[in-house]
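> Below are the sequence and a predicted model for it; my questions follow.
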Amino acid sequence: MVNMNYGSRYSVILSLYIDQKHWIMRVMLLLLAVVAVACGEEAKNISQAEYEAEVLQWRADRVESLRARDGYLNLSGLFWLQEGANTFGSDSSNSFVFPPQAPAFMGAYYKLGDSVRVEINDEVAALWDGQQVLEMTLTTDSAQEFTSDSLIWYLIKRGDKLGVRLRDLESPALEEFTGFEYFPIDLKWRLPADYHVYDPPKSVIINNILNIEEEHESPGYVTFDIDGKTYSLDIIRNSSGNFMIIADGTSTAETYGGGRYFYIDDPDENGKTIVDFNKAYNPVCAYKLYSTCQLPPPQNVLPIRIPAGEMDYAGTLP
């Protein structure tokens, strides 16, 4: 029988207590590591078959949205207002020449600084909110649209430029559009990412194809790893969510030279989100005229190839 004095027993108890604390700490650290790995592996918790079905559905939904009334395929004109009178109609003598099915002389827009007024000829059946209108002062609100048979048109503003955007619900582009070509769907390009918040949000200058610079709010940026290297992209906040404008090593040669777009979800409680390049898509400028697409800011030009998502569209639609 081992005889231990008080001091020895205390030392043994203290040693066991310390060992227990260390064991508890090791378990806690292990659990934290498991949680971190689980968050990092979130992007992989989907089978290839499930993921392909998801992306194929996303592609189908995108094409359907392009064919919709407010989609891009029916864009048929974009006319920038000059000071004074700007006549419109199908006759070639007008300032703004509308498609052949439109009346020859429909009326005129009158611009005085930032003020725009439209006058429509008596014999033209142009409706606004279901009512025939002959004269109106306008705002840059696409809900304030005129319709005449298959045509829809409304005022827009880009920087300090005011213009009239025209849609034709019978545009030939709706028939001529053949769909997009894509890189193969690859889970490699569905990446776990860390969402870093700018506090306060950062101001980012975005240029467009008209060389008009506009200031946008960036709520943060994402970081992600590709082949052992970390990359980052600034996020632009718009009415639809976290908007990404990027270019990469495929731009111009394989994808549209003006970059591509995609969206990401808000971060989860651990500050994690997903960057999915398989859902990178072309701006409308890649396949259709009459648009004012935004270009990637310098910090969103990736120095590597991203062979995922939509490829460049061959040709230009009417």
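Yes, it's here. Numbers count the residues shown, from 1 in each chain.

> From here on, just use CA atoms for contacts and neighbour counts.
Noted.

> who touches stretch 302-318?
76, 171-173, 176-177, 180-186, 189, 231, 246-250, 252, 254-256, 277-282, 286-289 (Cα atoms under 8 Å, 6 or more residues apart in numbering).

> dump the residue contacts of the closest residue to Ser171 other than its chain neighbours.
Closest residue in space to Ser171, ignoring its immediate chain neighbours: Asn74 at 5.4 Å, by Cα to Cα, 6 or more residues apart in numbering. By Cα under 8 Å, 6+ apart, the residues touching Asn74 are 67, 167-171, 173-174.

> So what are the sheet partners of the longest strand anywhere in the chain and their directions?
With secondary structure taken from DSSP state E, the chain has its longest strand at strand 190-207. Here strand 190-207 is paired, per DSSP bridges, with strand 213-226 (antiparallel), strand 272-276 (antiparallel).

> just these: most buried one?
strand 272-276 (a mean of 22; mean count of other Cα atoms under 10 Å).

> can I have it written out in CSV, keeping just the CAs?
C-alpha atoms of strand 272-276 as CSV (Å, rounded to 0.1, in the frame of the first residue of the first chain):
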residue,chain,number,x,y,z
LYS,A,272,-19.1,32.1,-45.5
THR,A,273,-20.6,32.1,-48.9
ILE,A,274,-20.2,30.4,-52.3
VAL,A,275,-18.5,31.8,-55.4
ASP,A,276,-19.9,29.9,-58.3
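
> tell me how far that strand is from the chain's mean position?
15 Å (Cα atoms, centre = their mean, to the nearest Å).

> hmm, who's touching that strand?
Residues external to strand 272-276 that are found in contact with it (Cα under 8 Å, 6+ apart): 39, 43, 189-195, 224, 262, 264-267.

> And those residues, which is the shakiest by pLDDT?
pLDDT across the contacts of strand 272-276 is lowest for Cys39, at 43.

> what's the burial count for Lys279?
As a burial measure, Lys279 scores 23 neighbours (other Cα atoms under 10 Å).

> residue contacts, it?
So Lys279 contacts 55, 58, 262, 308-310 (Cα under 8 Å, 6+ apart).

> phi, psi of it?
Dihedral pair for Lys279: phi -110, psi 20, per degrees, to the nearest 10.

> same check, this time on Thr147
The phi/psi pair for Thr147 (degrees, to the nearest 10) is phi -130, psi 150.

> and the closest residue to it other than its chain neighbours, what are its bridge partners?
Excluding its sequence neighbours, the residue lying closest to Thr147 (Cα to Cα, 6+ apart) is Leu127, at 5.2 Å. Beta-bridge pairing of Leu127 under DSSP bridges involves Gln132, Thr147.

> now the one 10 residues further on
Legend: beta-bridge partners of Thr137 under DSSP bridges are Arg117.

> How much space separates it from Tyr154?
Per Cα to Cα, to the nearest Å, Thr137 is found 12 Å from Tyr154.

> you'd agree Ser203 is up against Glu214?
No - Ser203 lies out of contact with Glu214 (Cα atoms under 8 Å); the separation is 10.1 Å.

> Tell me where the protein has helices.
Counting by DSSP state H, the chain has helices at residues 6-40, 48-67, 173-176.

> Just the buried residues of the second one, please?
Burial within helix 48-67, assessed by neighbour count using 16 or more other Cα atoms under 10 Å, is assigned to 51-52, 59, 63, 66-67.

> Need those in TSV (columns: pLDDT).
Conversion of the buried residues of helix 48-67 to TSV gives the following (pLDDT from 0 to 100):
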residue	pLDDT
Tyr51	98
Glu52	97
Arg59	98
Val63	97
Leu66	98
Arg67	97
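
> Any idea how far apart the tips of stretch 89-104 sit?
With Cα to Cα as the measure, the first residue of stretch 89-104 is 5 Å from its last.

> chain center to it: distance?
Put simply, stretch 89-104 sits 33 Å off its chain's centre (Cα atoms, centre = their mean).

> Just the residues contacting that stretch, thanks.
Applying Cα under 8 Å, 6+ apart, the contact partners of stretch 89-104 are 76-77, 79, 86-88, 105-107, 124, 148, 151.
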